[in-house]
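>>> kindly return the folded structure for what I paste below:
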Amino acid sequence: MVSVIDYVPGDTLLHRLNPVTKLAVAAAIIVATFLADTYPVLVGLIALTLALGVYTGAIRRLGSLLKLLVPLAVVMFLLQTAFSREGATVFAWFTTGGVASASRACLRLLGVAMPLILVLSVTKLNDLANACVEVLHVPYRYAFTFTTALRFVPVFSQEMTAIMEAQTARGVEYDTKNPFRKLQLMLPLCVPLLVSSVGRTDATALAAEQRGFYLRTRESSYKRYPIVARDVAVLACCVALVALGVAL
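Numbers count the residues shown, from 1 in each chain. Sure thing, here's the model as predicted:
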């Protein structure tokens, strides 16, 4: 089972950037998306993210994420237009002000979610943790906790799938179209998943302690993560992107 945050091997410029620079790229796109208030800029930022996904080979991961986000964006659009009554009525409960604000909110939802997934797809989690410790001086325990939580996402997803398959073999029908019925069937699965996660977390903590987790410092990593010329150039582009979001 492939997760949307699994590493996609490659030799593109984005792959070769410092992991901290990659985080800056994602942060710049996200900040610009929040600051921008015009449709061309919002759509352009989404197109930029998708273009980077095509360039790095991570477009399938972004496509999988969009399949989850688009229905959520549609629901959010309908709810916001129902409660926002600004402007003239266009059709039914839709008003000009409600449609404008709801559409921008949906574009922001798509534009904010994809950049971080893109960066995680082209960055190894070990490199991300070590670079944050070395360059940003983040305490290692915090960097380790963040990356470990990301590693557990596909693991828990696989365990949930295995539990559902076992229950399906016993006659439970999870393919019902009734959302309330599906929620009622999914809630009991949280108990075995919680028990499994607690056991896995305890085993991980014990293994980390035995390997000298508390002795880890910035100098412990054998690999260095310097900021080179290409990183400086990309960081300058990130500043320009944020400035574009402020201006437009």
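
>>> what about the strands in the chain?
Remark: strands assigned in the chain by DSSP state E are 89-91, 94-95.

>>> the protein: helices as residue ranges?
For the chain, helices defined by DSSP state H occupy the ranges 13-16, 19-35, 39-56, 59-83, 96-121, 125-135, 140-169, 179-186, 190-210, 229-247.

>>> comparing the strands of the chain, which gets the lowest mean pLDDT score?
Of all these, strand 89-91 carries the lowest average pLDDT, namely a mean of 69.

>>> how deep is the closest residue in space to residue 33 that isn't next to it in sequence tucked in, by neighbour count?
What sits nearest to residue 33 in space, not counting adjacent residues and going by C-beta to C-beta, 6 or more residues apart in numbering, is residue 111, at 3.8 Å. Yep, even glycine has a C-beta here, placed from its N, CA and C like the rest. By other C-beta atoms under 10 Å, 24 other residues sit near residue 111.

>>> spit out the contact partners of residue 111.
29, 30, 33, 42, 45, 46, 49 (C-beta atoms under 8 Å, 6 or more residues apart in numbering).

>>> swap in residue 195?
Contacts of residue 195 (C-beta under 8 Å, 6+ apart): none.

>>> one more: residue 21?
By C-beta under 8 Å, 6+ apart, the residues touching residue 21 are 227, 231, 234, 235.

>>> any quick ChimeraX command for the buried ones out of these?
To isolate the buried ones among these in ChimeraX, judged by 16 or more other C-beta atoms under 10 Å, type:
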select :231,234,235
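
>>> what's the neighbour count on residue 168?
12.

>>> follow-up on the earlier one: nearest to residue 223, of the helices of the chain?
Taking C-beta to C-beta, helix 125-135 is the member of these nearest to residue 223, at 6.5 Å.

>>> now do that closest one: which elements does it pack against?
helix 19-35, helix 140-169 (3 or more C-beta pairs under 8 Å, 6 or more residues apart in numbering; DSSP states H and E).

>>> single out the most deeply packed of the ones you listed.
Most buried of the helices and strands packed on helix 125-135 by mean neighbour count (mean count of other C-beta atoms under 10 Å) is helix 19-35; its value is a mean of 21.

>>> okay, it in PDB with CA atoms only?
Extracted in PDB, the C-alpha atoms of helix 19-35 (Å, rounded to 0.1, in the frame of the first residue of the first chain):
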ATOM      1  CA  PRO A  19      15.400  19.700   3.500                       C
ATOM      2  CA  VAL A  20      15.000  23.000   5.300                       C
ATOM      3  CA  THR A  21      14.900  24.800   2.000                       C
ATOM      4  CA  LYS A  22      12.200  22.400   0.800                       C
ATOM      5  CA  LEU A  23      10.200  23.300   4.000                       C
ATOM      6  CA  ALA A  24      10.700  27.000   3.100                       C
ATOM      7  CA  VAL A  25       9.200  26.300  -0.400                       C
ATOM      8  CA  ALA A  26       6.100  24.700   1.100                       C
ATOM      9  CA  ALA A  27       5.800  27.400   3.700                       C
ATOM     10  CA  ALA A  28       6.100  30.200   1.100                       C
ATOM     11  CA  ILE A  29       3.400  28.600  -1.100                       C
ATOM     12  CA  ILE A  30       1.100  28.200   2.000                       C
ATOM     13  CA  VAL A  31       1.700  31.700   3.200                       C
ATOM     14  CA  ALA A  32       1.200  33.200  -0.200                       C
ATOM     15  CA  THR A  33      -2.000  31.200  -0.600                       C
ATOM     16  CA  PHE A  34      -3.400  32.600   2.700                       C
ATOM     17  CA  LEU A  35      -2.300  36.200   1.800                       C
END
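
>>> so where's the protein shaky on pLDDT?
The model of the chain has pLDDT under 70 over residues 1-4, 87, 90, 92-93, 174, 176, 179, 213-222.
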